[in-house]
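*Asks:* sequence-free structure coming up:
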């Protein structure tokens, strides 16, 4: 009966949305011997998803993209998850996605991954204990051996690569004529400060934010969304801590992080702030590239708010004391 239903699904891929029961049936092709006992639909606009419990009461996510763009993102995620080897997992105190198997359904790839425990915390619920756990989790990621990641052909970005990328964003943003001059100078100065870019690349999550940390009892028990897992600047994983939303707990996280990773360079949080600010510039460029006036106006307002927030506040300087010096191009 299961085999007949499975054959039918393969015969008409994409004819309709896959129910949780259909997905659990398809999972038997991805994972031989897989036996589902309960299912729950968690589907979204571009992906059919089921939460499935097997006979051992282990929870699994069965996912099947339903669009070309979702398939691309899904493929990127699967490549990253495969790089999370057992050796790397053994070095972490929290869980990360584990891929059990895949199968092709029409033009898309169905995957079966172990369901991660915990819930994403709200910013206002981050306690000092949880902040310390977050800092330790980030330090553990950045302490993973880079050679293990490179064995899986994950992208690797050097310090000079990071600088060039940032300088390119600043140049493009400057060309729009929409960046406040003081903010533009702040960014140019950061790019010109060689000491800011003297760091050793580490393993990084790549898309870190509070919502990707899963928590139970004030402890990080899992980390999700590893699509951009690679070697690069650890400051990228810390950028979210410099935003206003994290202002109440960011120092506790950073203190824990530096305690757990004593090799962190002294400028890591300045670069983290720089990346967070450039995200606003990237939002502006996206709006202009896509000719979306709503996004462009939103980004312009965000830039104005950012300018007001950092102007004259040397506690938020990207570089010190270089940021207080005369600009090299100034007459």
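*Replies:* That came in fine, so what should we check first? Worth saying up front: this structure is predicted, and the values here are computed from it rather than measured.

*Asks:* and the helices in the protein?
*Replies:* Counting by DSSP state H, residue ranges of the helices within the chain are 2-11, 20-30, 68-83, 86-89, 128-142, 146-150, 159-175, 181-192, 250-260, 268-289, 293-310.

*Asks:* show me the shaky parts of the protein.
*Replies:* 1-17, 312-317, 320-331 (pLDDT under 70).

*Asks:* repeat that with 50
*Replies:* 1-15, 321-331 (pLDDT under 50).

*Asks:* nearest residue to the residue most central in space within it other than its sequence neighbours?
*Replies:* Residue closest to the average C-alpha location in the chain (C-alpha atoms, centre = their mean): residue 207, at 1.2 Å. Distances taken as C-beta to C-beta, 6 or more residues apart in numbering place residue 228 nearest to residue 207, at 4.7 Å, with adjacent residues excluded. (Glycine included, C-beta is placed from N, CA and C.)

*Asks:* the one you found touches residue 80, doesn't it?
*Replies:* Yes - between residue 228 and residue 80 there is a contact under C-beta atoms under 8 Å: 7.2 Å.

*Asks:* from residue 74, how far out is residue 46?
*Replies:* Residue 46 is 9 Å from residue 74, where distance means C-beta to C-beta, to the nearest Å.

*Asks:* list residues touching both of these two?
*Replies:* Counting by C-beta atoms under 8 Å, 6 or more residues apart in numbering, the shared contacts of residue 46 and residue 74 are residue 65.

*Asks:* between the two, which is the more surrounded one?
*Replies:* A count of neighbours by other C-beta atoms under 10 Å puts residue 74 above the other of residue 46 and residue 74, at 22 against 14.

*Asks:* isn't that one up against residue 67?
*Replies:* No - using C-beta under 8 Å, residue 74 is not in contact with residue 67; the gap is 9.9 Å.

*Asks:* joint contacts of the two?
*Replies:* Joint contacts of residue 74 and residue 67 (C-beta under 8 Å, 6+ apart) do not exist.

*Asks:* and the helices of the chain: which comes nearest residue 217?
*Replies:* Nearest of these to residue 217, taken as C-beta to C-beta: helix 128-142 at 9.1 Å.

*Asks:* centre of the chain versus the closest one, how much separation?
*Replies:* Helix 128-142 sits 16 Å away from the centroid of its parent chain (C-alpha atoms, centre = their mean, to the nearest Å).

*Asks:* contacts for that helix, please.
*Replies:* Residues contacting helix 128-142 (C-beta under 8 Å, 6+ apart): 91-94, 121, 126, 202-205, 208, 213, 215, 218-220, 223, 234, 237-238, 249, 252-261, 264.

*Asks:* of those, which belong to strands?
*Replies:* 202, 203, 204, 213, 215, 219, 220, 223 (DSSP state E).

*Asks:* partners of the residue nearest to the fourth one when sequence neighbours are not counted in the sheet?
*Replies:* What that stands for is residue 213. Distance criterion C-beta to C-beta, 6+ apart; nearest residue to residue 213, sequence neighbours excluded, is residue 220 at 5.3 Å. Beta-bridge partners for residue 220, by DSSP bridges, are residue 215.

*Asks:* okay, now residue 220: neighbour count?
*Replies:* 24.

*Asks:* distance of it from residue 239?
*Replies:* Taking C-beta to C-beta, one finds residue 220 at 18 Å from residue 239.

*Asks:* what does residue 191 give?
*Replies:* Distance check for residue 191 against residue 239: by C-beta to C-beta, it reads 16 Å.

*Asks:* what do you get for residue 222?
*Replies:* 21 Å.
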